[in-house]
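Q: Structure for the following, please:
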Amino acid sequence: MAQRYVHKLLTRRSVVGYGLGDFANNLAFSLSTSFLLYYYTDVAGLSAAAVSTMFFVVRLWDAFADMIAGRLVDRSMTRWGKFRPFILFGAVPLLFLSFLTFQVPSSFDMGAKLLYAYLTYAVLGLVYSLVNIPYGALASAMTQSVKERAKLVAARFFGAATGGIVLTYLIAPQISDLKTQRNTLSPAEYQAQVQAIFTQSTLIFIVVGTIAYLLTFFWCREQVVRTQPRVSVRETWETLRHNTPLGFLCSASFFYLIGLFAVGGASAYYAQYVMGDITWMGPIVLVNSGISIVAAPFIPAAVEKWGKKALFQWCGLFTIVGGVALYLTPGGAVAPALVFLGVKGVGAALINTVMFGLEADTVEYGEWKSGKRSEGATYAIFSFTRKITQSLGGALGAAALAFGGYLSATAAVPNPVQPESAVTAIRVTMGLIPAVAALVAMVIFWKYPLTDQRFREIRDETEASKAAQGHAFAPDRLRRSTGID
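A: Coordinates of the predicted model:
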């Protein structure tokens with residue numbers, strides 16, 4: 001019987017702790033993707049064109065910040081491990097910067113407001129990278145078991161969805177209530193009250209998010225054996241240069257995520273101008289996040305039955321069908337819109353979750369090819385791709401508004417009637433762009449070489465090599481067994 005590795009079951013506390021990390025991440029990340037475009041145009045008074053340019057520039061910077069963070073992680077080793085110290089010491093700065101980002105001073109002129117927005121959003125992106133890169137890489141260091149990693153993926157999925165629901169239902173209903181009073185408020189009063197909503201919400205998130213990050217730090221542990229604690233730049237390059245699965249994953253994710261991130265900023269506009277009331281932003285998020293929460297417990301079983309590659313490949317069909325149907329749904333048809341958002345959301349939720357498990361598997365492939373384990377740089381490359389798509393997708397959503405002639409609220413026209421071209425641009429962004437992007441991603445991912453079975457073979461070969469070299473703890477994990485893998 002062939003030798004196989006038995007990996008310790010992750011404790012329930014460690015799985016919950018890992019999920020809490022992405023809950024905290026999304027108090028900052030989802031807040032910006034869901035509401036920052038709306039905040040900049042309708043509260044701070046910036047033009048959609050200016051915000052489009054800023055999103056492109058700052059999110060491009062974010063992508064390079066990920067590379068910086070990845071190198072810092074690979075160069076680091078402390079008594080707490082490689083990854084957890086970044087979460088511990090970055091939590092409060094990250095959440096406080098999220099607060100500052102939604103604090104554009106109303107007394108500034110437009111040029112000063114735009115500069116403030118650039119600076120705060122850029123620094124927020126850097127600090128987010130310093131927390132999120134080690135958080136994402138932590139999963140590949142907690143376990144090498146396909147089944148146990150699927151639990152971490154599901155926990156991350158659940159935590160992110162819960163964070164999205166919390167912030168949406170905390171903010172969107174309050175903004176909707178204010179809109180019903182808009183005729184009785186001056187433009188300055190309306191903007192001041194919306195500003196107060198974001199101020200109070202982000203202050204609450206500082207407290208809640210810090211607690212969640214601390215639980216991630218205390219409850220998660222790094223258990224995978226490494227042959228060397230630090231990796232040089234040259235070794236990192238050699239690890240990444242031959243990592244074919246990482247290349248396929250990043251290429252397919254690049255196109256899929258452009259569609260996903262274009263939707264984020266358009267959701268508030270879709271709720272207000274297509275469905276008829278920004279209050280529908282809550283049900284939109286509830287549908288998408290609810291699907292995520294319901295699906296999360298079934299992800300490990302789905303991964304075991306079909307494999308991560310098949311799930312990533314074929315769930316794109318949900319995005320295509322749901323996206324095209326959503327584009328064709330007439331304005332005001334709330335029930336069909338929510339149904340098609342749900343169909344599209346099934347694909348988006350599963351793919352966006354499974355890709356993190358796929359990324360963790362590419363770490364083992366890189367170690368197998370080069371002999372060097374480089375979680376930080378591998379996750380940084382993957383996250384770099386995500387940030388580029390955030391830049392392009394977010395800018396695409398804002399540019400579509402500008403191209404469609406979207407009219408921002410101003411003191412002279414506090415509640416403008418949008419032209420039909422702007423409404424069409426919103427519908428294209430919500431439906432057609434994700435559908436086309438998903439189709440391209442499916443075609444690219446067809447040749448992805450690292451199935452779950454091939455991953456197990458590579459992992460076992462690498463661990464056997466470590467055991468033969470006498471690295472600490474490796475021999476204790478070598479068993480003749482058919483245990484969890």
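Q: buried residues in stretch 362-378?
A: By neighbour count on 16 or more other C-beta atoms under 10 Å, the buried set for stretch 362-378 is 362-370, 372-378. All C-beta atoms are positioned from the backbone trio N, CA, C, and that covers glycine.
Q: Nearest to Leu119 among those?
A: Nearest to Leu119 among these: Gly376, at 26.7 Å, using C-beta to C-beta.
Q: Surely that closest one and Asp66 touch.
A: No - counting by C-beta atoms under 8 Å, Gly376 stays clear of Asp66, with 10.0 Å between them.
Q: mean confidence for the longest helix seen in the chain?
A: Counting residues, the longest helix found in the chain (DSSP state H) is helix 334-370. For helix 334-370, mean pLDDT is 86.
Q: just checking, next helix/strand downstream of that helix?
A: Using DSSP states H and E, the helix or strand that directly follows helix 334-370 along the chain is helix 375-403.
Q: thinking again about what came up before, now the longest helix of the chain against helix 375-403, angle please.
A: Interaxial angle, helix 334-370 versus helix 375-403 (axes from the mean of the first three to the mean of the last three C-alpha atoms, to 10 degrees): 150 degrees.
Q: Determine how far helix 334-370 lies from the middle of the whole chain.
A: Distance of helix 334-370 from its chain centroid, counting by C-alpha atoms, centre = their mean, to the nearest Å, is 10 Å.
Q: Just the closest of the buried residues of stretch 362-378 to Phe445, please.
A: Nearest to Phe445 among the buried residues of stretch 362-378, counting by C-beta to C-beta, is Thr362 at 13.3 Å.
Q: wouldn't that closest one be in contact with Gly247 here?
A: No - taking C-beta under 8 Å as the definition, Thr362 is not a contact partner of Gly247, at 9.1 Å.
Q: pLDDT below threshold where in this protein?
A: By pLDDT under 70, the low-scoring segments of the chain are 1-8, 179, 182, 225-240, 265, 289, 409-415, 469-485.
Q: What segments of it are strands?
A: For the chain, strands defined by DSSP state E occupy the ranges 4-5, 478-479.
Q: Was I right to think Lys113 contacts Ser107?
A: No - counting by C-beta under 8 Å, Lys113 stays clear of Ser107, with 9.5 Å between them.
Q: For these two, indicate the residue with more neighbours.
A: Each of Lys113 and Ser107 has its neighbours counted (other C-beta atoms under 10 Å); Lys113 has more, 19 against 6.
Q: Can you name the residues that contact Trp34?
A: Quick fix: residue 34 reads Ser, not Trp. Neighbour list for Ser34: 164, 167-168, 264-265, 267-268, 281, 285 [criterion: C-beta atoms under 8 Å, 6 or more residues apart in numbering].
Q: Could you identify which of those has the most neighbours?
A: Using other C-beta under 10 Å as the neighbour test, the contacts of Ser34 are led by Gly265, with 30 neighbours.
Q: Residues in contact with both of Gly376 and Asp66, list them for me.
A: Jointly contacting Gly376 and Asp66 under the rule C-beta under 8 Å, 6+ apart are Ile133.
Q: For Phe83, list the residues it contacts.
A: By C-beta under 8 Å, 6+ apart, the contact set of Phe83 is 73, 134-135, 137-138, 141, 222, 375-376.
Q: Pull up the gap between Leu215 and Leu396, please.
A: Distance, Leu215 to Leu396, by C-beta to C-beta, to the nearest Å: 36 Å.
Q: for Ala348, same thing?
A: 16 Å.
Q: and stretch 83-103, how far from the chain's centre?
A: Put simply, stretch 83-103 sits 16 Å off its chain's centre (C-alpha atoms, centre = their mean).
Q: whoops, I mixed them up, stretch 65-76
A: Mean-position distance between stretch 65-76 and its chain equals 18 Å (C-alpha atoms, centre = their mean).
Q: Buried ones in that stretch, by neighbour count?
A: By 16+ other C-beta under 10 Å, the buried positions in stretch 65-76 come out as 65-67, 69-74, 76.
Q: you'd agree His120 is up against Thr101?
A: For the record, residue 120 is Thr, not His. Yes - with contact defined as C-beta under 8 Å, Thr120 counts as touching Thr101 (4.5 Å).
Q: Those two: which is more packed in?
A: Neighbours were counted for Thr120 and for Thr101 using other C-beta under 10 Å; Thr101 has more, 25 against 19.
Q: Surely the more buried one touches Leu36?
A: Yes - contact criterion C-beta under 8 Å: Thr101 and Leu36 qualify, at 7.1 Å.
Q: and for the two, which residues touch both?
A: Tyr121.
Q: ok, how many other residues are close to Arg156?
A: 27.
Q: Tell me if I'm right that Thr249 and Thr362 touch.
A: Heads up, residue 249 is Leu, not Thr. Yes - with contact defined as C-beta under 8 Å, Leu249 reaches Thr362; the gap is 6.4 Å.
Q: could you dump the contacts of Phe83 to a markdown table with distance to Asp22?
A: Output for the contacts of Phe83, formatted as a markdown table (distance: C-beta to C-beta, whole Å):
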| residue | distance to Asp22 |
| --- | --- |
| Val73 | 17 |
| Pro134 | 13 |
| Tyr135 | 7 |
| Ala137 | 13 |
| Leu138 | 11 |
| Ala141 | 16 |
| Glu222 | 17 |
| Glu375 | 17 |
| Gly376 | 18 |
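Q: Sounds good, over and out.
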